[in-house]
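1. My questions concern the predicted model and sequence given below.
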Amino acid sequence: MINAIVLFILAGFAEIGGGYLIWLWLREGKPFYWGIGGGIALAIYGVIATFQTFPSFGRVYAAYGGVFIVLSVLWGWGIDKKTPDLYDWVGASICLIGVAVMLFAPRQ
């Protein structure tokens, strides 16, 4: 369980960080190597996700989506200095509940 959580967080930082670097390059005029760094981070994200032990690609990536929503709210708060409001936290909480249902529901 801890291994899965660590992998979700590492992949999340790689995905969000990579997207953020590309955003800064294309939208805020940062040097092109910021975009290259972002592309490398996104590739690393794709590799990290393969270390999950869950058997279904679609289920793992759907769960990543929920985790990434929470990490994106935290990224915006910590990096962009945009304080999340009540609805951001409620939405993020709903996403985490969805992740838990998808990954840990008893199946045959």
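-> Thanks, I have it. Just so you know, these numbers come straight off a predicted model, no measurement behind them. Numbering: from 1, shown residues only.
2. Tell me how far the longest helix seen in the chain lies from the chain's centre.
-> Counting by DSSP state H, the longest helix found in the chain is helix 2-28. Chain-centre distance of helix 2-28: 6 Å, with Cα atoms, centre = their mean, to the nearest Å.
3. And that helix, what's buried?
-> Buried positions in helix 2-28, judged by neighbour count with 16 or more other Cβ atoms under 10 Å: 4, 7-8, 11-22, 24-25. From N, CA and C alone the C-beta is placed, and that goes for glycine too.
4. Show me what that helix is packed against.
-> With contacts defined as 3 or more Cβ pairs under 8 Å, 6 or more residues apart in numbering; DSSP states H and E, helix 2-28 has these neighbours: helix 32-49, helix 57-78.
5. Repeat the analysis, applying 10 Å as the threshold.
-> If you count contacts as 3 or more Cβ pairs under 10 Å, 6 or more residues apart in numbering; DSSP states H and E, helix 2-28 packs onto helix 32-49, helix 57-78, helix 86-104.
6. mean pLDDT lowest for which of the ones you listed?
-> For the helices and strands packed on helix 2-28, mean pLDDT drops lowest on helix 57-78, to a mean of 89.
7. residues of that helix that come out buried?
-> For helix 57-78, the buried set under the neighbour-count rule, 16+ other Cβ under 10 Å, comprises 60, 63-64, 66-73, 75-76.
8. Nearest to residue 99, out of those residues: which one, please.
-> residue 66 (3.9 Å; Cβ to Cβ).
9. For residue 40, give its distance to residue 64.
-> Distance of residue 40 to residue 64, given as Cβ to Cβ, to the nearest Å: 19 Å.
10. circling back: ok, so of the buried residues of helix 57-78, who is nearest residue 85?
-> residue 73 (10.0 Å).
11. residues touching that closest one, list them.
-> Applying Cβ atoms under 10 Å, 6 or more residues apart in numbering to residue 73 gives the contacts 82, 84-85, 88-89, 91-92, 95.
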